[in-house]
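J.: sequence plus predicted model, see below.
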Amino acid sequence: MAGTIIAANWKMNKTTGQAIEFARGLKDALLKKPVSAAVVIAPPFTSIEALAAEFRGGDISLAAQNIYPASSGPFTGEISGEMIVDAGCRYCIVGHSERRQLFGEDNALINAKITAALNYGLMPIFCIGETLEERNSGAEFTVLTKQVKEGLNKLTANDIKKIGIAYEPVWAIGTGKTATPGQVQEAHLFIRNLLSEMYGEKEAAGVSIIYGGSVTSDNIGSLMAEPEINGVLVGSASLDLASFLAIINFH
Ligand code: PGA
């Protein structure tokens, strides 16, 4: 059975002081009212170590927002898997559509990043999703297939057990336009069937497939009611503690 993941992608937001304030509030709230989902925060790199100190010994995990495939060397501005693990992360977001669109990441680079994350024992949260044009032209499943096949190139059934997938239709990210629960369910089922063809039914059933794109406390309940939605990756609505807590406590 795929585990439930509720992850906050802070993107390029919050100073370390602001991150610590949020972390303390989150920690207190979860001590008072624990949740069964894995709660993951992806802060900017600059706050990871401070948050790792805040979360030590607790149930909240940290994710990096990016990783570079090489282990070290002349890659100005980049961060390796070893550094990410050393700073205190268990997860790593890979292939977010902002990285694909603004920084030119392609499926081959994303595949190398996923492989590097796995080599360091990080769980990649592998983001895929179609643009509005692609959906309007009926190409969404072709795009998803290509992203999954190329992004997971050369990975084994054993590797797949350690990966999470985030379906994030580009048209729903930061736009306030959430995909309907039915659209998300359909896409997740498609992804699960594809994984099943590639790695076997049992392996596919164990992969957490989460949804991202304008998730809020208002729509989380209807999204999580769908059987194939194993959690969410939340951007804007994760920046405010009260709003994120309302998402975590959606039941
Ligand atoms: P959003 O971002 O919730 O602001 O749409 C989601 C994401 O990009 O992961």
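T.: Structure's in. What do you need?
J.: quick one, strands of this structure?
T.: 5-9, 38-42, 60-64, 91-94, 123-128, 164-167, 209-212, 231-234 (DSSP state E).
J.: pairing partners for the second one, with directions?
T.: I take that to be strand 38-42. Using DSSP bridges, strand 38-42 pairs in its sheet with strand 5-9 (parallel), strand 60-64 (parallel).
J.: what's the closest of those strands to residue 148?
T.: strand 5-9 (18.1 Å; Cβ to Cβ). Just so you know, the C-beta spots here come from the backbone N, C-alpha and C atoms, and that holds for glycine as well.
J.: residues in contact with the residue most central in space within the chain?
T.: By Cα atoms, centre = their mean, the chain has its centre lying nearest to residue 125, at 4.2 Å. Listed by Cβ atoms under 8 Å, 6 or more residues apart in numbering, the contact partners of residue 125 are 5, 7, 40, 63, 91-94, 164-166, 210, 233.
J.: out of those, which is nearest to residue 221?
T.: residue 210 (15.4 Å).
J.: residue in the stretch 1-150 of the chain nearest to the ligand?
T.: The nearest approach of the stretch 1-150 of the chain to the ligand comes at residue 9, 4.1 Å away (Cβ to the nearest ligand atom).
J.: repeat that for the chain.
T.: Per Cβ to the nearest ligand atom, residue 235 is where the chain lies closest to the ligand, at 2.2 Å.
J.: report the separation between that residue and residue 23.
T.: Separation of residue 235 from residue 23 (Cβ to Cβ, to the nearest Å): 18 Å.
J.: repeat that for residue 31.
T.: 12 Å.
J.: cool, and residue 9?
T.: Distance of residue 9 to residue 23, computed by Cβ to Cβ: 15 Å.
J.: before we move on, the earlier item: include mean pLDDT when you put the strands of the chain into a markdown table, please.
T.: Shown next, in a markdown table, are the strands of the chain (pLDDT from 0 to 100):
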| stretch | mean pLDDT |
| --- | --- |
| strand 5-9 | 98 |
| strand 38-42 | 98 |
| strand 60-64 | 98 |
| strand 91-94 | 98 |
| strand 123-128 | 98 |
| strand 164-167 | 98 |
| strand 209-212 | 97 |
| strand 231-234 | 98 |
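J.: ok, which stretches of the stretch 1-150 of the chain are helices?
T.: 16-32, 45-55, 81-87, 97-102, 107-119, 132-136, 140-151 (DSSP state H, counting those that start in this stretch).
J.: Throw those into CSV and include mean neighbour count, distance to residue 174 and mean pLDDT, thanks.
T.: Putting the helices of the stretch 1-150 of the chain into CSV (neighbours: other Cβ atoms under 10 Å; distance: least, Cβ to Cβ, whole Å; pLDDT from 0 to 100) gives the following:
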stretch, mean neighbour count, distance to residue 174, mean pLDDT
helix 16-32, 16, 19, 97
helix 45-55, 18, 21, 98
helix 81-87, 18, 24, 98
helix 97-102, 17, 9, 96
helix 107-119, 20, 20, 98
helix 132-136, 15, 13, 93
helix 140-151, 17, 19, 98
